[in-house]
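*Asks:* My questions are about this predicted structure, shown below with the sequence.
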Amino acid sequence: MTKRPVVCRRLRVETLGEIISSPPPRGMVDWPVMRSSFLFRSVLAAMVLASCATTFELPAVAQTTAQAAKPRITILATGGTIAGAGASSVNSASYSAAKVAVDKLIAGLPELGRVAEVRGEQVMQVASESLSNEDLLKLAHRVSDLSKRADVDGIVITHGTDTLEETAYFLNLTVHTTKPIVVVGSMRPGTALSADGALNLYDAVSVAGSADAKGKGVFVTMNDEIHTGRDVSKLVNIKTEAFKSQWGPLGMVVEGKNYWFRAPVKRHTAQSEFDIDQIQSLPRVEIVYGYENAQRAVVDAIGAQPGVQAIVHAGTGNGSVANRVVPALQELRGKGINVIRSARVPAGFVVRNAEQPDDKYDWVVAHDLNPQKARILAMVALTKTRTPKELQRIFWEY
Ligand SMILES: NC(=O)CC[C@H](N)C(=O)O
């Protein structure tokens, strides 16, 4: 038996003394009579001693099991501000991203040990705006390998926030697992006043180790919120409240406890028809932006690039396309390049055959995916099909 005699002994002495000397609570009994009842006090004291014994004398075996039951989480570090460092504590916006190694990040946050057994791996050390498709594949293959290991219960990826939503969506689409995967970043480097990375990382590890997070796909934890990697987007720069999902977060994580409010309905991870283990390269998909006075030259230039299989048009409003640009996109479709209509408006969704006759032009609409997420899904979908009808089905389902 393991005992905590000091605490228990103090409790016994103090509590006994209190019971005998304190005024009794007001209540339904005849207290003047009870107050004089030595028997009543003695019974109460005995009850305290009994509860003390049951509370503080735990079998050693039970304690060992409780420790071993801590989830085993691997943190894959890729860089970003969460690994950033500034010249002084007031540098919240001017600093260098991707400077601090994962082992140092973990060592600086001993609180992680409260919620998990954590180990770190430095996959790369970059600012996320510079990530390539090859980097994405390297990371996703590592996540997939780890997710198959019996000694890994969940995976956390530390990442720059600029393209974090793209990586999270890619993993959500391609990694076949029900184990929680959490992508996390920060808006301020660890060297800054009110740095947000430590709590974001603690939340990420805590969610990754939670049984109730299993089978819900890939998450992004920022600012105490749990988002699905599909919906979440960086919609605010500078502020720590940077990430939003237009359909709302899935829940919140507060002091290591998850509070869920909804679940993803789009296909992901274990139910996905795409499997990262089968994907060794990604086709080239580019994005073109819509704005007043837009000309066709940019679309033509993209179409002339080698290996481009699709172009995402970040249209105005409901994915509208300038009349000068429409013929250029039609020509690309004529050459077998797929055209996907998304919108530069950060919320809402593009309606098929509204603004442009998609059926007639054989174009695809991006549903509610913003242009950068539409590019991710298009690349993944194109590993299986180039047929617009099939691509459109995939855009509705994922
Ligand atoms: N807040 C951040 O993480 C931004 C830093 C950097 N631009 C990146 O995305 O890696």
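*Replies:* Good, I have the coordinates.
*Asks:* Just the pLDDT at whichever residue of the chain sits closest to the ligand, thanks.
*Replies:* Among the residues of the chain, residue 160 lies closest to the ligand, at 1.8 Å counting by CB to the nearest ligand atom. Glycine gets a C-beta too; all of them are placed from N, C-alpha and C. Here the pLDDT value assigned to residue 160 is 98.
*Asks:* As PDB, could you dump the C-alpha coordinates of the helix or strand that contains residue 143?
*Replies:* If you go by DSSP states H and E, residue 143 is part of helix 133-147. Written as PDB, here are the backbone C-alpha positions of helix 133-147 (Å, rounded to 0.1, in the frame of the first residue of the first chain):
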ATOM      1  CA  ASN A 133       4.200  19.500 -52.300                       C
ATOM      2  CA  GLU A 134       7.300  17.300 -51.600                       C
ATOM      3  CA  ASP A 135       7.400  18.600 -48.000                       C
ATOM      4  CA  LEU A 136       3.700  17.900 -47.600                       C
ATOM      5  CA  LEU A 137       4.200  14.300 -48.900                       C
ATOM      6  CA  LYS A 138       7.100  13.700 -46.600                       C
ATOM      7  CA  LEU A 139       5.200  14.900 -43.600                       C
ATOM      8  CA  ALA A 140       2.000  13.000 -44.500                       C
ATOM      9  CA  HIS A 141       4.000   9.700 -45.000                       C
ATOM     10  CA  ARG A 142       5.600  10.100 -41.600                       C
ATOM     11  CA  VAL A 143       2.200  10.800 -40.000                       C
ATOM     12  CA  SER A 144       0.800   7.700 -41.700                       C
ATOM     13  CA  ASP A 145       3.700   5.500 -40.500                       C
ATOM     14  CA  LEU A 146       3.400   6.700 -36.900                       C
ATOM     15  CA  SER A 147      -0.400   6.300 -36.900                       C
END
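*Asks:* So which residues make contact with that helix?
*Replies:* Residues external to helix 133-147 that are found in contact with it (CB atoms under 8 Å, 6 or more residues apart in numbering): 74, 76, 78, 121, 123-124, 126, 152, 155, 157, 166-167, 170-171, 174-177, 179, 181, 276-277, 279-282, 379.
*Asks:* just the buried members of these?
*Replies:* 74, 76, 78, 123, 126, 152, 155, 157, 166-167, 170-171, 174-177, 179, 181, 276, 279, 282, 379 (16 or more other CB atoms under 10 Å).
*Asks:* quick one: pLDDT of residue 354?
*Replies:* With respect to pLDDT, residue 354 has a value of 97.
*Asks:* and it, how many neighbours?
*Replies:* Using other CB atoms under 10 Å, residue 354 has 14 other residues around it.
*Asks:* Identify the residue spatially nearest to it, adjacent ones excluded.
*Replies:* Counting by CB to CB, 6 or more residues apart in numbering, residue 318 is the residue found nearest to residue 354 once chain neighbours are left out, at 5.6 Å.
*Asks:* where's the one you found, which helix or strand?
*Replies:* Using DSSP H and E, no helix or strand contains residue 318.
*Asks:* on that earlier part again, A helix includes the residue of the chain closest to the ligand, no?
*Replies:* No: going by DSSP: H, G, I helix; E, B strand; the rest coil, the assignment for residue 160 is coil, not a helix.
*Asks:* Against residue 326, how distant is it?
*Replies:* Distance from residue 160 to residue 326, counting by CB to CB, to the nearest Å: 36 Å.
*Asks:* Kindly report the same for residue 87.
*Replies:* 50 Å.
*Asks:* which residues of this structure score low on pLDDT?
*Replies:* 1-68 (pLDDT under 70).
*Asks:* list the contacts for residue 346?
*Replies:* Contacts of residue 346 (CB under 8 Å, 6+ apart): 233, 235, 246, 370.
*Asks:* just the strands in the chain please.
*Replies:* For the chain, the strands defined by DSSP state E occupy 72-79, 117-126, 154-158, 181-184, 218-222, 225-228, 232-234, 243-245, 251-254, 257-260, 284-289, 308-315, 338-343, 364-365.
*Asks:* Hmm, residue 164 and residue 187 touching each other?
*Replies:* No: under the criterion of CB atoms under 8 Å, residue 187 makes no contact with residue 164, lying 11.0 Å away.
*Asks:* Now stretch 140-149: buried residues?
*Replies:* Those would be 140-144, 146-147, for stretch 140-149 by 16+ other CB under 10 Å.
*Asks:* same check, this time on stretch 199-218
*Replies:* Under the neighbour-count criterion of 16+ other CB under 10 Å, stretch 199-218 has 199-210, 213, 216-218 buried.
*Asks:* Would you mind measuring from residue 178 to residue 271?
*Replies:* Residue 178 is 10 Å from residue 271, by CB to CB.
*Asks:* Next: residue 231.
*Replies:* In terms of CB to CB, residue 231 sits 17 Å off from residue 271.
*Asks:* Between these two, point out the one with more neighbours.
*Replies:* More crowded of residue 231 and residue 271, by other CB under 10 Å: residue 231, with 25 against 12.
*Asks:* Phi and psi next, for that one.
*Replies:* Here is the backbone geometry of residue 231 (degrees, to the nearest 10): phi -90, psi -30.
*Asks:* Tell me if I'm right that residue 105 and residue 158 touch.
*Replies:* Yes: if you go by CB under 8 Å, residue 105 and residue 158 touch, sitting 7.1 Å apart.
*Asks:* Please enumerate the shared neighbours of these two.
*Replies:* Here residue 105 and residue 158 have 75, 77, 82-83, 201 as joint contacts, going by CB under 8 Å, 6+ apart.
*Asks:* could I get those residues as a markdown table with distance to the ligand?
*Replies:* Below are those laid out as a markdown table (distance: CB to the nearest ligand atom, whole Å):
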| residue | distance to the ligand |
| --- | --- |
| 75 | 16 |
| 77 | 12 |
| 82 | 6 |
| 83 | 9 |
| 201 | 13 |
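*Asks:* And stretch 331-340, end to end?
*Replies:* With CA to CA, to the nearest Å as the measure, stretch 331-340 spans 14 Å from end to end.
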